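Visitor: This is a predicted model, with the sequence first.
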Amino acid sequence: MTSEAGPISAAARRALEQELADLQAEHNAVAATLGGTDSAGDTADQADELQRATQLDRVDARITEITVRLDGAAEAGPPRTDVVGLGSTVTVRFADGAEETVQIGDVAERLDQTLVTTDSPLGHALLGHRAGDSVSYDAPDGQTTVTVLSLGAP
């Protein structure tokens, strides 16, 4: 995840907020198990305590990362709706006629299955385009084209 201030879609925001809530609950559960035992425990107890402390450090680092990203998104404001950029919601039509609405993001979020990253072939190709534009990009099956149908909420 980058620390850049950039807009994010509503779906990406919800996914990050849910992950943050889950991590805060995990933090509270793990923190409650630390430091409450006699320090004269055996080696296994000390190893378990160290493992929980390491887990807490990992959780805290991710909480900080998400908080920074959400704060940056708040500073950046809403995604643009005139041209595809970071945070855009884009509806595209593929060459086979299938239509799909995707979110353009900086990194894939585990909870957001519609997110297309800016460094993916499709995401990179869409950047800077407007509704009505046809965009070619390298797909796993070779060069393909999509048409940007709309930007903004579907």
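Guide: Arrived safely. Since the model is a prediction, treat every value here as computed from it, not as a measurement. Numbers count the residues shown, from 1 in each chain.
Visitor: for this structure, what spans make up the helices?
Guide: Remark: helices assigned in the chain by DSSP state H are 10-31, 43-76, 121-126.
Visitor: Show the average pLDDT along the second one.
Guide: In other words, helix 43-76. Here helix 43-76 scores 89 as its mean pLDDT.
Visitor: One more: the shortest one?
Guide: Per-residue pLDDT values across helix 121-126 average out to 94.
Visitor: Give me the contact list for it.
Guide: By CB atoms under 8 Å, 6 or more residues apart in numbering, the residues outside helix 121-126 that reach it are 84, 88, 90, 92, 102, 104-105, 116-118, 135-139, 146, 148. For glycine as for every other residue, the C-beta is placed from the backbone atoms N, C-alpha and C.
Visitor: Check which residues of it are buried.
Guide: 122-126 (16 or more other CB atoms under 10 Å).
Visitor: What of stretch 144-154?
Guide: 144, 146-148, 150-151.
Visitor: How about stretch 8-15?
Guide: 8-9, 11-13, 15.
Visitor: Does anything pack onto the longest strand along the chain? Which helices or strands?
Guide: With secondary structure taken from DSSP state E, the chain has its longest strand at strand 142-151. Strand 142-151 sits against strand 89-94, helix 121-126, strand 134-139, with contacts defined as 3 or more CB pairs under 8 Å, 6 or more residues apart in numbering; DSSP states H and E.
Visitor: Correct me if wrong: T81 contacts V148.
Guide: No: T81 is not in contact with V148 according to CB atoms under 8 Å; the separation is 12.0 Å.
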